[in-house]
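> Here is my input; please provide its structure:
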Amino acid sequence: MIEKVNPAHPDKIADRIAGAIVDLSYQKNTNPKIAVEVLLGHGICNIIIESSEDFTKKEIQTIINRICGKMVLNLLVTKQDVNLADNQKDKIRCGDNGIFKGVPLSKEEKKLSKIARDIYSKYPYDGKYILDKDKLVICQSNAETEDLKKEYPDAIINPLGNWIGGLNSDSGATNRKLGSDMARSVTGGGLHGKDLSKADVAVNIYAFQKAQELNQPVEYSCAIGDETIDNIPYEEIVKIAKNYIDNIGGFEKLAEWGLF
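Numbering: from 1, shown residues only. A predicted model of the protein is given here:
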């Protein structure tokens, strides 16, 4: 049983904006420190950025306009806590406490991921999808139920009728759709809006990949300042995660669909 939401869902729009800001921080510095929170909807976008880097309101507004159109921007940019920054001063160490469980993807999860992408390629609007054994539920905005029925005749489609969705109907917040992003994998933190020194990003990616490689669940925990995870230097964990991010096209791309 799994649920996926597409990149036009308000929560994913928040994740994508946060990811784009992290991408921008890596353009400014090869090893930035950043944490971004986004809450938006109904014409307003609220963003808090804690970072080693400086950002202008124009830079952030440009990202918002590109991803979701013009919105009123309430922006706070502040420096990262000095003590947290010092943790990474001389060596890349674990940037936070955390628990992480990676789980191999099931056939059902892979199937729904493909269905969600196929539908989104034709209807790039707010949508969410559930697969529970033979039960497929499709809630897709800006789509006629009759048209979707032609391709998915046995699915439950838009049970309450056609709908519009989007940021004028709903609000979005970062890291509110981690079930959609990580399937049965588990984290104590959020995957989006952070640099790779944060275990919530690097160790989640590492655990997820390790579970797929071994085809069995894996579990890790860490404390802030740890220098190894799974007997591997934390710096190497960060490199593995950075390679993954680079291969998919950046943090904004990660935010679109999550890890699968």
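> So which bits of stretch 117-136 are buried?
Residues of stretch 117-136 classed as buried by neighbour count (16 or more other Cβ atoms under 10 Å): I119, Y120, Y123, Y125, D126, G127, K128, Y129, I130, L131, L136. C-beta here means a position set from N, CA and C on the backbone, and glycine is covered the same way.
> Make sure the first one is indeed in a helix.
Yes - under the criterion used here (DSSP: H, G, I helix; E, B strand; the rest coil), I119 sits inside a helix.
> can you offset everything so residue one is 398?
Got it, first residue is 398 now, which makes that one I516.
> wait, what's in contact with the closest residue to it other than its chain neighbours?
With sequence-adjacent residues excluded and distances taken as Cβ to Cβ, 6 or more residues apart in numbering, I516 is closest to Q537, at 5.9 Å. Contact partners of Q537, counting by Cβ atoms under 8 Å, 6 or more residues apart in numbering, are I516, Y520, Y522, G524, Y526, L545, I554, N555.
> Please tell me the pLDDT value assigned to Q537.
Q537 is assigned a predicted lDDT (pLDDT) of 98.
> Quick check: it vs V479, distance?
47 Å (Cβ to Cβ, to the nearest Å).
> can you check E616 too?
Distance from E616 to V479, by Cβ to Cβ: 32 Å.
> Between the two, which is the more surrounded one?
Taking neighbours as other Cβ atoms under 10 Å, E616 and V479 compare with E616 leading, 13 against 7.
> for the stretch 548-657 of the chain, what spans make up the strands?
553-554, 569-570, 583-584, 615-619, 625-626, 629-630 (DSSP state E, counting those that start in this stretch).
> hey, which helix is longest across this structure?
helix 407-425 (DSSP state H).
> Which positions within that one qualify as buried?
407-423.
> other SSEs contacting the least confident helix or strand in the chain by mean pLDDT?
Counting by mean pLDDT, DSSP states H and E, the chain has its least confident helix or strand at helix 479-484, which shows a mean of 75. Packing partners of helix 479-484 (3 or more Cβ pairs under 8 Å, 6 or more residues apart in numbering; DSSP states H and E): none among the helices and strands.
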